[in-house]
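In: Just the structure for this:
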Amino acid sequence: MTKRKLRVAVLMHAHLAPPASVEGLSERELNDIKQELDVCTTLRALGHEVIHVPVVDELAPIRRALKDLKPHLAFNLLTHFHDAGIYDSAVVSWLELMKQLYTGCNPRGLLAANDKALFKKVLAYHRIRAPRFFVAPRGKRLPRLPKGLRWPLFVKSRSEHASTGISQASIVHDLDQLQTRVTYIHETVGTGALCEEYIEGRELTVGVLGNKRVEISPIWELFMDDLSPGVANIATSRVKWDPEYQRKIGLRTGPAEGLDDATTERIRRTARRIHRAVGLSGYSRIDMRMDREGQVWILEANPNPDLCFGEDFAESFEQLGYSYPQLIQKILNLGLRYEAPWMG
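Out: Prediction:
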């Protein structure tokens, strides 16, 4: 691995910037800033100079950091801009215009993956299995449902991340429930709604690390050991962000159980195809469901997934021999080596 002391500007949302001391913070407050804290602490432990760049809704803080401090690399922890998930690609596009090296996914891959409808169209072109879907845009009536669409449907934001707007009510069984949930996404989340066939089954993820040449993590699974009968095993906002509820349902993640070699290889090969077909770079996580017949359905690609120590992405690559510091250093190296368009 390339290892030299770097000046690293860590781009983060201002409300998630770690304070000088975490003493007195609640469990929920610590959980909120865990990724930023883990990454910054690890970068310093690796010997790099760390510059916090808190961002709200303008590029000025990044512009000042690039001009005044001239970082070797920008470590991108932003997941949205101007409160819109789809705009994170605009920030990275601007970094490329400034000829600034950065970690994580390029803007073209971010745009293709974060527009979930566009992502599914790319999958269809490459004949990669995904649930059938339609989009309900804001400000328009519910469109006519595609012929042969199977109930129940799963309704979520077309472009927001981190399970925003997802709850048990996201699974709908008739037109009335569909209209209610679409209206909720429009009015509460503020985006178009993606409505896709709900796949009952196992929740699987696989990590991808690399630019042109990639490494694939072991297949990871989401388990809810104490989930109440009749409650769907989906990653709702509450499942993702509420520590008390996580303990209540026995939430855990780990290596997927009982997959035969052929299925494992098929999933790994598909993840590699998606990373390349969508034009991703740096690191990503592919989310999928496996139905009762063993068919695997691709749900989403998540560029720049959660980098918390002990979470799925880091833990899965630990199985390949990457300690957490080694993983962070690898991501730095990939950023240094990415061939952006401005490089010719």
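In: Would you confirm that residue 288 contacts residue 295?
Out: No. Under the criterion of Cβ atoms under 8 Å, residue 288 makes no contact with residue 295, lying 10.2 Å away. No exception for glycine: its C-beta is placed from N, CA and C like everyone else's.
In: Looking at the two, which has the bigger crowd around it?
Out: residue 288 (24 against 12; other Cβ atoms under 10 Å).
In: Quick one: residues contacting that one.
Out: Residues near residue 288 by Cβ atoms under 8 Å, 6 or more residues apart in numbering: 204, 205, 206, 267, 296, 297, 298, 299.
In: Can you say which of those are buried?
Out: 204, 205, 206, 267, 296, 297, 298, 299 (16 or more other Cβ atoms under 10 Å).
In: residues near residue 278, how many?
Out: 24.
In: Kindly report the same for residue 77.
Out: Neighbours of residue 77 under the rule other Cβ under 10 Å: 22.
In: which SS state does the closest residue in space to it that isn't next to it in sequence fall under?
Out: Leaving aside its chain neighbours, residue 77 sits nearest to residue 12 (4.7 Å; criterion: Cβ to Cβ, 6 or more residues apart in numbering). What DSSP: H, G, I helix; E, B strand; the rest coil gives for residue 12 is strand.
In: Number of residues surrounding residue 12?
Out: 23.
In: again, but for residue 232
Out: Neighbours around residue 232, by other Cβ under 10 Å: 14.
In: Give me the below-cutoff pLDDT ranges for this protein.
Out: For the chain, the stretches with pLDDT under 70 are 1-3, 344.
In: Now do the helices in it.
Out: 27-32, 34-45, 60-69, 88-97, 107-114, 116-125, 175-184, 237-241, 243-249, 261-277, 312-318, 324-337 (DSSP state H).
In: what's next to the fourth one, contact-wise?
Out: In this case it means helix 88-97. 11, 55, 59, 62, 74, 76, 78-81, 102, 104-108, 110-111, 114, 304, 340-342.
In: how does it look with 7 Å?
Out: 59, 74, 76, 78-81, 102, 106-107, 110-111, 114, 340-342 (Cβ atoms under 7 Å, 6 or more residues apart in numbering).
In: Put the buried members of the residues you listed into a ChimeraX selection.
Out: Buried residues within the contacts of helix 88-97, by 16+ other Cβ under 10 Å, are selected in ChimeraX with:
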select :74,76,78,79,80,81,102,106,107,110,111,114,340
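In: mind listing which of the contacts of helix 88-97 are in strands?
Out: 74, 76 (DSSP state E).
In: Closest one to residue 21 out of the contacts of helix 88-97, please.
Out: Closest to residue 21 out of the contacts of helix 88-97 is residue 78 (24.3 Å), distances taken as Cβ to Cβ.
In: follow-up on the earlier one: is it true that the residue nearest to residue 77 touches residue 36?
Out: Yes. The pair residue 12 / residue 36 is scored as a contact, 5.0 Å apart, by Cβ atoms under 7 Å.
In: Touching both of those two, which residues are there?
Out: residue 77.
In: can you count the residues close to residue 326?
Out: 15.
In: Residue 29 now?
Out: If you count neighbours by other Cβ under 10 Å, residue 29 ends up with 12.
In: what's the answer for residue 120, then?
Out: Neighbours of residue 120 (other Cβ under 10 Å): 21.
In: Could you tell me which residues make contact with it?
Out: Contacts of residue 120 by Cβ under 7 Å, 6+ apart are 130, 133.
In: mind listing what the closest residue to residue 240 other than its chain neighbours touches?
Out: Leaving out its chain neighbours, the residue that sits closest to residue 240 by Cβ to Cβ, 6+ apart is residue 163, at 4.5 Å. By Cβ under 7 Å, 6+ apart, the contact set of residue 163 is 235, 236, 237, 240.
In: now the first one, nearest residue through space, not along the chain?
Out: Right, the one you point to is residue 235. Distances taken as Cβ to Cβ, 6+ apart place residue 163 nearest to residue 235, at 5.4 Å, with adjacent residues excluded.
In: tell me the phi and psi of that neighbour?
Out: Here is the backbone geometry of residue 163 (degrees, to the nearest 10): phi 60, psi 20.
In: which pair in the contacts of residue 163 spans the largest distance?
Out: 235 and 237 (8.5 Å).
In: Which of the two has more residues huddled nearby?
Out: Set residue 235 next to residue 237 and count neighbours by other Cβ under 10 Å: residue 235 wins out with 17 against 14.
In: and the more buried one, backbone torsions?
Out: phi -80, psi 80.
In: Surely it touches residue 222?
Out: Yes. Judged on Cβ under 7 Å, residue 235 makes contact with residue 222 at a distance of 6.4 Å.
In: shared neighbours of the two, anything?
Out: In contact with both residue 235 and residue 222: residue 203, using Cβ under 7 Å, 6+ apart.
In: deepest of the helices of the chain, which one?
Out: Greatest average neighbour count among the helices of the chain goes to helix 107-114 (a mean of 23), per mean count of other Cβ atoms under 10 Å.
In: Mind giving me the packing neighbours of it?
Out: On a contact count with 3 or more Cβ pairs under 7 Å, 6 or more residues apart in numbering; DSSP states H and E, helix 107-114 meets helix 88-97, helix 116-125, strand 296-303.
In: at 10 Å instead, please
Out: helix 88-97, helix 116-125, helix 261-277, strand 283-290, strand 296-303 (3 or more Cβ pairs under 10 Å, 6 or more residues apart in numbering; DSSP states H and E).
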